[in-house]
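Student: following is a predicted model, sequence given first.
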Amino acid sequence: MQRGVRRHVNLLLLEPTTSPAIFGLRSLGRTAIHPRRLFLAQRVLVPSLAFLWLVGCSSSNPLPHESFLVFGGTGGVGGSSGTSATGGLTTGGGTTGGLGATGGSYPSGGSLPTGGTVPAGGTGSVVSTGGAMPIGGATGSTGGTTGGAPPTGGSGGVAPTGGTPPTGGGTPPIGGSGGSGGTPPTGGNETGGAPPSPYGNGYAPVTVTVDDARAAYEAWKDIHLEDCGSGVHRVRWENAKLDATVSEGIGYGMLLAVSWNDQTVFDGLYAYSRQMANKSGPGVSNNHLMDWLRYGCDAHKDTKYSEYPDGAAADADLDVAMALIMANCRWGGGNYSSNATNIINAIREHMFWEADGLRILQPGDSSWFDDTMTGMPTGCVNYSYFAPAYYRAFAEHVPADAAFWNAAASDAYTLLGRASHSTTGLVRNWGSADGNDAVGSCSSSYTRAASYGDDAARTPWRIGTDYLWYGTTAAKSWTDRVTTWVKGIPISQTGQWYHRDGTIDSEAPSPTDHTVINVGPFAVGAMSYDQATVDDFAAEILAIPAVSSAHDGEYFPRMLRALSLLALSGGFTACGGG
């Protein structure tokens, strides 16, 4: 596998890796209690138990402290249990004049509040059965989904009858906030269905868990994270190049660290990013952006793996800026907010080109991209760098430039529409703002520039994020088109390199390798499609071996595995999973 090799002046990372044949192993193993069996048990038990309760309690007696339990909807994870619908019944909430439902077993970290008093004349309604919890861990009890450890934190508690459920204490775990008693978001059902999306948009897969996502993060850390001491951490590059660090890895690492509440690692990676700060550009003392390739814990310059190690890569700095916004939201304090602002302003100043009324993200800050004689300003575009969800967050963070960033988000879809194949939705690794091939000096500098490969593969993850965070209809339209094409292969038989029309690019390196480089982002994109599809796509990530001797036991697949599972398990939010 060879990701974009730059042959000219200072530029961008793109990681070459060797690609041994993928193992033909599969390890699906996910066991759960069948929801139909739970439903039948509940139909027998619930009416009897409800009757016994009504015999033991009257409208004049308070609900016992132990609180009579019914089988049914989950009470959410940590956070607030949500306000119940008056006179009705919803998963995770109480009903007026009825019994408060508990969310399966009580999460540790909080005490169970006492129930309220049943108002006179109220009837003891029984909560709906089979409701599933938002992503963030399984309830481990009747009526909840299986898989994953119960989250820690305050208990959502038993709702007092006839009133509003109490707010649970503690911080909700990564992957979801407290369940709501109201209408479930798109992708979830109140009774017997899949868990509602923790993002409020799309579908949450039941085939992967928070534990799966955490395992991918820890596996990445074990190989690629180095503690340099003195509060500095760096991301080691590929298995054969562990002495090097690329700015892309720093950005990805910061997104993961904040989402997993790993503040020490986050701060250490940001400290290293400042050592990588671009001090070598013409007339630039420090523009807050990173040179794309440096070495060792001191971030020294070398030409060991590339003749041109200087210059920033836009995707890396975009990720660092977004990670700082997340950190400011999650932890507050420090200089997270001001540091984010500095990088956002530098990205706008050094990495955008305006033409034909469009704001076009350039791949980096090198003057090479500004060469009008070769057509480079608009003739060298990497669509997988487009991050419209980030642009919307930047608009909120820097209100003075909100008009620019919101327009950039809209323009990203205009450019994406020009570049996408009408049937498959696939885009080139590198192209032009007019949607055609990249100009000669750009195209010849990267591996298989006109194909859908290791660069373009990230596009469904970035565009899918805009739908999950903001419900952007243009994002769903694009990801659904790509997902429809993938379903026709199907996902279990996808290769690594394609022409835009969906045929295999047989001239590419390892063209038919089945890898999480494609499968992971495809799964995130499928979160806008339907429940069965995202379940299928997400499960395939776990079926692909990630051992060091396999194709996916390398830096880039490990990163995309960890990032994709983070998003699929509900932990990739604009507030850093908190």
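Tutor: Sure thing, it's come through.

Student: neighbours of the closest residue in space to D319 that isn't next to it in sequence, how many?
Tutor: Once flanking residues are discounted, D319 sits nearest to G251: 2.9 Å by CB to CB, 6 or more residues apart in numbering. (Each C-beta comes from the backbone N, C-alpha and C, glycine too.) Residues near G251, counting by other CB atoms under 10 Å, number 25.

Student: for the host helix or strand of G251, packing partners?
Tutor: In the assignment (DSSP states H and E), G251 maps to helix 247-259. With contacts taken as 3 or more CB pairs under 8 Å, 6 or more residues apart in numbering; DSSP states H and E, helix 247-259 sits against helix 210-224, strand 232-235, helix 263-275, helix 314-330, helix 555-568.

Student: which strands or helices does the third one pack on?
Tutor: Pointing back at helix 263-275 there. Packed next to helix 263-275, using 3+ CB pairs under 8 Å, 6+ apart, are strand 225-229, strand 232-235, helix 247-259, helix 314-330.

Student: again, only using 6 Å
Tutor: strand 232-235, helix 247-259 (3 or more CB pairs under 6 Å, 6 or more residues apart in numbering; DSSP states H and E).

Student: out of the helices and strands packed on helix 247-259, flag the one nearest R392.
Tutor: helix 314-330 (10.6 Å; CB to CB).

Student: and the contacts of that closest one?
Tutor: With contacts defined as CB atoms under 6 Å, 6 or more residues apart in numbering, helix 314-330 is touched by 247-248, 251, 254-255, 258, 273, 289, 336-337, 339-340, 343-344, 347, 351, 361, 363-364, 385, 387, 390, 393, 397, 575-576, 578.

Student: can you say which of these are buried?
Tutor: Those of these that meet the buried threshold are 247-248, 251, 254-255, 258, 273, 289, 336-337, 339-340, 343-344, 347, 351, 361, 363-364, 385, 387, 390, 393, 397, 576, 578, by 16 or more other CB atoms under 10 Å.

Student: next step: these restricted to strands.
Tutor: Residues of those located in strands (DSSP state E): L361.

Student: point out where the stretch 451-578 of the chain drops to low pLDDT.
Tutor: Along the stretch 451-578 of the chain, the model assigns pLDDT under 70 to residues 578.

Student: what's the neighbour count on the nearest residue to D227 once chain neighbours are set aside?
Tutor: The shortest distance from D227 to any non-neighbouring residue, by CB to CB, 6+ apart, is to H233 (5.6 Å). Number of residues near H233 (other CB under 10 Å) recorded here: 25.

Student: next one: T264
Tutor: A total of 11 residues lie near T264 under the criterion other CB under 10 Å.

Student: next: the one 10 residues further on.
Tutor: Burial measure for R274: 13 neighbouring residues, criterion other CB under 10 Å.

Student: then S410?
Tutor: 16.

Student: now swap in E218 and tell me
Tutor: E218: 12 surrounding residues under other CB under 10 Å.

Student: for D371, see how far away it is.
Tutor: 44 Å (CB to CB, to the nearest Å).

Student: also P521?
Tutor: Using CB to CB, P521 is found at 31 Å from D371.

Student: and the residue nearest to D319, what pLDDT?
Tutor: Looking at G251, its pLDDT reads 98.

Student: so A562 makes contact with W220?
Tutor: Yes: assessed by CB atoms under 6 Å, A562 is found in contact with W220 at 4.8 Å.

Student: higher neighbour count, these two?
Tutor: More neighbours surround A562 than the other of A562 and W220, with 28 against 23 (other CB under 10 Å).

Student: the residue nearest to that one when sequence neighbours are not counted: what's it in contact with?
Tutor: Take A562 and drop its neighbours on the chain: the residue closest to it by CB to CB, 6+ apart is A216, 4.2 Å away. Contact partners of A216, counting by CB under 6 Å, 6+ apart, are 561-562, 565.
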